[in-house]
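Peer 1: Just a sequence and a predicted model for now, questions to come.
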Amino acid sequence: MRSKAAIEIYAYWDELRGHREVPARSQIEPAHIRNILADLFILEKTARGDVRFRLAGTRICSLFARELRGTAFDALWLAGQTGRLAQIADDVMTQKAPVVLSASSLAGTADRLPTEIILLPLRSPDGAVDRIIGALVPLARPLWLEGTPVNYLDLDGMRVLDTEKTNLFLQNRPERKPLPAATPHLADHGIAGAIRRVLHLRVFEGGRQD
């Protein structure tokens, strides 16, 4: 893992799961990962069997210049790769296996932009593993990125994480402070109705006129 967001969300996911294969989605508390929320997303497996964005952070939506909620995960990828990406997302859930994807963001005639995506399975209250929490982060910030939206992602590689070896890697990082207790009933700030809560995560939805 090369991006700060991928490393931090993996460490948080791993801490939540403890000795289990997969943590529960209800365990996620946004206050504990507030500094990377803009780079995070949640995917869900629908009743039809496809995998779609339940929410996406503001930096991810800005990267594609559109709201991604409800969009199929594989729709972000080149046409020839959609089936493979749908299968990868499904395998993350069915096999309870965290995965890191290396990709290139493609935006018109701009240079290929190295991008890292991490996919981590989550368990629902009924016991089904039908959610994924992840991060999507460009590994560079060229000047064109501010004004040119990404059209598609091109898959360059995939790595299934060995959780035992990754734990050893994380143990060499600076010690994490204990997770703080969540503050209950925090008042929402900003434009009324602009903030939604999905899976306890706050998301700013674009295109709304309240």
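Peer 2: Yes, it's here.

Peer 1: Tell me the spacing between Phe73 and Met158.
Peer 2: The spacing between Phe73 and Met158, counted by Cβ to Cβ, to the nearest Å, is 14 Å. All C-beta spots, glycine's among them, are computed from the backbone N, C-alpha and C.

Peer 1: Give me the more crowded residue out of the two.
Peer 2: Phe73 (25 against 15; other Cβ atoms under 10 Å).

Peer 1: Could you pull up the contacting residues of that one?
Peer 2: Taking Cβ atoms under 8 Å, 6 or more residues apart in numbering as the criterion, Phe73 is in contact with Leu43, Val51, Arg52, Phe53, Leu85, Ala86, Ala89.

Peer 1: 7 Å instead?
Peer 2: If a contact means Cβ atoms under 7 Å, 6 or more residues apart in numbering, then Phe73 has Leu43, Val51, Arg52, Phe53, Leu85, Ala89 as its contacts.

Peer 1: got those residues as CSV, with neighbour count columns?
Peer 2: Converted to CSV, the contacts of Phe73 look like this (neighbours: other Cβ atoms under 10 Å):
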residue, neighbour count
Leu43, 23
Val51, 24
Arg52, 19
Phe53, 21
Leu85, 23
Ala89, 24
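
Peer 1: With respect to Ala24, which of those is nearest?
Peer 2: Nearest to Ala24 out of the contacts of Phe73 is Leu43 (Cβ to Cβ; 15.9 Å).

Peer 1: Quick check: closest non-adjacent residue to that closest one.
Peer 2: The spatial neighbour of Leu43 that comes closest, neighbours along the chain excluded (Cβ to Cβ, 6 or more residues apart in numbering), is Ile132 at 4.1 Å.

Peer 1: Wait, that neighbour touches Ile117, no?
Peer 2: No: between Ile132 and Ile117 there is no contact under Cβ atoms under 7 Å: 10.5 Å.

Peer 1: picking up where we left off before, restricted to strands, list the contacts of Phe73.
Peer 2: Counted as lying in strands by DSSP state E, out of the contacts of Phe73, are Leu43, Val51, Arg52, Phe53.

Peer 1: Enumerate the beta-bridge partners assigned to the second one.
Peer 2: Going back to what we said before, that points to Val51. According to DSSP bridges, Lys45 are recorded as the beta-bridge partners of Val51.

Peer 1: That one contacts Ala89, correct?
Peer 2: Yes: under the criterion of Cβ under 7 Å, Val51 is in contact with Ala89, at a separation of 4.3 Å.
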